[in-house]
Each structure stands twice: as C-alpha cells, then as structure tokens.
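In: Need a 3D model of the following:
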Amino acid sequence: EDELCAGALAAYDAVIIRSATTLRADALSAGAAGRLRVVGRAGVGVDNIDVAGAHASGVTVVNTPSASTASVVEMTLALLFAAARNLPAAEH
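Out: Got it, this is the predicted structure:
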C-alpha cells in the first residue's frame, strides 16, 4: 500500500486488480497525478476500490461482472456429474 500511495500507479495508464487488492483514494489520486485513467476490477463488484475517490481524481472504474460465468457453470456441472457418478467415493 505504501508503494501505491507513493505514486507507483502514476507510471501506468490503467491497472487491473482482483478481489484481494484494495485501492484507497490516496493511492488513486497519486496515480491520477501521473498517467492513471482507468482501474479495472477482474470480477464482480468494486467494493475494494474507493469509487468516490477515483471519480474525484478523474479515474474511471470498471468491472467484469459476467466474465467468469461460463467457467462457474462448467465447474458446477462437472461437480454435479461427479457426484451423480459417485466419483468422490471411487477415490478410496
């Protein structure tokens, strides 16, 4: 966090983060003082980004709420098929 607040984001036009990364207003304004214009959140929601602080600094915040939908459906079906065929018990 200290690196971000010190302006590490200022060297980039955009940054993409995941759920474990938090971006506060001070880091966003330090980045906006340089080249930062867009923050992208890979996943649903933007609760880990200070959206008001981003907008105040002129940084656009976007996310990808349905990007992993197909993968989640595939995994769900695979687990349902595995349970139907009793595959977890076959391991023992």
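In: Quick check: which ranges of this structure have low pLDDT?
Out: 1-6, 90-92 (pLDDT under 70).
In: Run through the strands of it in chain order.
Out: Secondary structure of the chain by DSSP state E: the strands cover 14-17, 38-41, 60-63.
In: now those strands as TSV including distance to residue 7 and mean neighbour count?
Out: For glycine as for every other residue, the C-beta is placed from the backbone atoms N, C-alpha and C. Output for the strands of the chain, formatted as TSV (distance: least, C-beta to C-beta, whole Å; neighbours: other C-beta atoms under 10 Å):
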stretch	distance to residue 7	mean neighbour count
strand 14-17	13	16
strand 38-41	15	19
strand 60-63	19	14
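In: now those strands in JSON lines, with distance to residue 72?
Out: Below are the strands of the chain laid out as JSON lines (distance: least, C-beta to C-beta, whole Å):
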{"stretch": "strand 14-17", "distance to residue 72": "20"}
{"stretch": "strand 38-41", "distance to residue 72": "17"}
{"stretch": "strand 60-63", "distance to residue 72": "16"}
